[in-house]
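In: Mind folding the following:
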Amino acid sequence: MAQIKNPNGKSDTFLPDFCHIRIVFSVIIISELLAFVLTLATPSARGGDWGYLSMVSMYILWISLTSTAVLCWTRPLLAKLNDNAASLTAFCLLLAITAFFSELAYQVSHHFGEDALRINMSHAEFFSRNFAICAIVSLLTLRHFYLQHQLKRNIEAENQYRLQALQARIRPHFLFNSLNTIASLIRRQPQRAEDAVEDLADLFRHTLNNVEARLPFSTEMEIACRYLDMEQLRLGERLKVEWDIDAIPKDAALPALTLQPLLENAICHGIEPISQGGTILVNSQRKGDNLTLTIINPLPSPDQEPQRKRQGLHIALDNTKQRLLAHFEEDGKLSTQEDDKQFKVELRFPYQPQQNYEDTDRR
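Out: The predicted model follows:
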């Protein structure tokens, strides 16, 4: 197995986070299924021997939960190893834990009698049976984790391509409109024209040069504000934005270029077709470590909206949804609601502080 690097260039073990409650719950479920299989495969336990099943379940749970705790504790050390060394180390740890509990169970049975734990086989046979089962289950499990890790890396690579597509997605008409706006300001308001050139340069610097997979919320806001400043010059009083984003920490990590495409859709499909313009509402909520960001824009009436396909809207929404899922798994969600008057996009994601974040308070 080759060592795989994450998008930030740091080595990342293929082993999951055994400290996570989902992994612990999965281990318990798999352990109970294995206990049922072993009970059904034992001739003397056929016919609904619940006492034997409880003994096997207790034994397997002690091994599996102890293994989970040990792998949780040693994960930082395993992460420093390549995949081959991490696999071998984890495999040896699982065998050692199995050996410990096998010896403990056998000694208890030998001391209190065979009926105590129903171990009616020799010491060598008991050990070899447990070792064989542990080796098979461990190899299959480690292989499953490795394949899952490869799949996740492939998804992350695909999302890097998605990010590059977003970075190259600055619409030509936006650039041309911005340049025309700047040209019209040069003689009348030279200082404002100069500020607009700087805003345009900063926007392109962020969107075209940034190769990070995730950015802090403050940087996402800076990119969004640069974009809105340019659109404000073009749309004037037709474009209004109301912010309520204090609930989201500035260092909260988001997939790069999450806000700007959503605001662009809100303007192109909401504000621009309306002759009098409208207001975009950006709201936020926080419940514990769960963050919610909502973007609401008005929709034009049927007589105001030209016959157009909303393909660009769906591409941006699907793109953002897939990248949220890749970065936060099932904790990252995007949902939409639409009626005759407004379109609502809601982002849900967990609070994960961005590494190496520095609060420059540039917004």
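In: ok, which stretches of the protein are helices?
Out: With DSSP state H, the ranges of helices along the chain come out as 21-41, 50-78, 83-112, 114-117, 123-167, 172-188, 190-209, 217-235, 259-266, 311-328.
In: residues of the first one that come out buried?
Out: Yep, that's helix 21-41 we're talking about. 23-24, 27-28, 31-32, 34-35, 38-39 (16 or more other Cβ atoms under 10 Å). Where C-beta positions appear, they are placed from N, C-alpha and C, glycine not excepted.
In: Report all helices and strands that it contacts.
Out: helix 50-78 (3 or more Cβ pairs under 8 Å, 6 or more residues apart in numbering; DSSP states H and E).
In: where does the stretch 251-363 of the chain have low pLDDT?
Out: Scanning the stretch 251-363 of the chain for pLDDT under 70 picks out 303-314, 356-363.
In: what pLDDT does E242 get?
Out: You'll see E242 listed with a pLDDT of 95.
In: what residues are up against it?
Out: Applying Cβ atoms under 8 Å, 6 or more residues apart in numbering, we find E242 in contact with 279-282.
In: out of these, which are inside strands?
Out: 279-282 (DSSP state E).
In: Arrange the residues you listed in CSV, one row each, with distance to T66 and neighbour count as further columns.
Out: Listed next are the ones in strands among the contacts of E242 as CSV, based on distance: Cβ to Cβ, whole Å; neighbours: other Cβ atoms under 10 Å:
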residue, distance to T66, neighbour count
T279, 58, 13
I280, 54, 20
L281, 52, 18
V282, 48, 20
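In: returning to that earlier point: determine which stretch of the helices of the chain is the most buried.
Out: Neighbour counts (mean count of other Cβ atoms under 10 Å) averaged over each of the helices of the chain peak at helix 259-266, with a mean of 23.
In: Tell me which other helices or strands that helix touches.
Out: helix 217-235, strand 290-298, helix 311-328, strand 342-350.
In: ok, back up a step: of all the helices of the chain, which one comes closest to R286?
Out: helix 217-235 (11.6 Å; Cβ to Cβ).
In: between the closest one and helix 172-188, how big is the angle?
Out: Angle, helix 217-235 to helix 172-188, by axes from the mean of the first three to the mean of the last three Cα atoms, to 10 degrees: 70 degrees.
In: For helix 217-235, output the C-alpha coordinates as PDB.
Out: Output of helix 217-235 as PDB, limited to C-alpha atoms (Å, rounded to 0.1, in the frame of the first residue of the first chain):
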ATOM      1  CA  PHE A 217     -15.000  31.900   6.700                       C
ATOM      2  CA  SER A 218     -13.300  35.300   7.000                       C
ATOM      3  CA  THR A 219     -11.400  34.700   3.700                       C
ATOM      4  CA  GLU A 220     -14.600  33.500   2.000                       C
ATOM      5  CA  MET A 221     -16.300  36.700   3.200                       C
ATOM      6  CA  GLU A 222     -13.500  38.800   1.800                       C
ATOM      7  CA  ILE A 223     -13.800  37.100  -1.600                       C
ATOM      8  CA  ALA A 224     -17.600  37.500  -1.500                       C
ATOM      9  CA  CYS A 225     -17.400  41.200  -0.500                       C
ATOM     10  CA  ARG A 226     -14.900  42.000  -3.300                       C
ATOM     11  CA  TYR A 227     -17.300  40.400  -5.800                       C
ATOM     12  CA  LEU A 228     -20.300  42.300  -4.400                       C
ATOM     13  CA  ASP A 229     -18.300  45.600  -4.500                       C
ATOM     14  CA  MET A 230     -17.800  45.100  -8.300                       C
ATOM     15  CA  GLU A 231     -21.400  44.200  -8.900                       C
ATOM     16  CA  GLN A 232     -22.500  47.200  -6.800                       C
ATOM     17  CA  LEU A 233     -20.700  49.500  -9.200                       C
ATOM     18  CA  ARG A 234     -22.700  48.000 -12.100                       C
ATOM     19  CA  LEU A 235     -26.100  47.600 -10.400                       C
END
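In: What angle do strand 290-298 and that helix make with each other?
Out: Going by the same axes, to 10 degrees, helix 217-235 makes 0 degrees with strand 290-298.
In: sorry, back to before: switch the helices and strands packed on helix 259-266 over to CSV; also include distance to F91.
Out: Shown next, in CSV, are those (distance: least, Cβ to Cβ, whole Å):
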stretch, distance to F91
helix 217-235, 41
strand 290-298, 37
helix 311-328, 29
strand 342-350, 32
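In: that older thread, export the helices of the chain to JSON lines and tack on distance to N290?
Out: Shown next, in JSON lines, are the helices of the chain (distance: least, Cβ to Cβ, whole Å):
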{"stretch": "helix 21-41", "distance to N290": "15"}
{"stretch": "helix 50-78", "distance to N290": "23"}
{"stretch": "helix 83-112", "distance to N290": "32"}
{"stretch": "helix 114-117", "distance to N290": "45"}
{"stretch": "helix 123-167", "distance to N290": "22"}
{"stretch": "helix 172-188", "distance to N290": "34"}
{"stretch": "helix 190-209", "distance to N290": "27"}
{"stretch": "helix 217-235", "distance to N290": "14"}
{"stretch": "helix 259-266", "distance to N290": "18"}
{"stretch": "helix 311-328", "distance to N290": "11"}
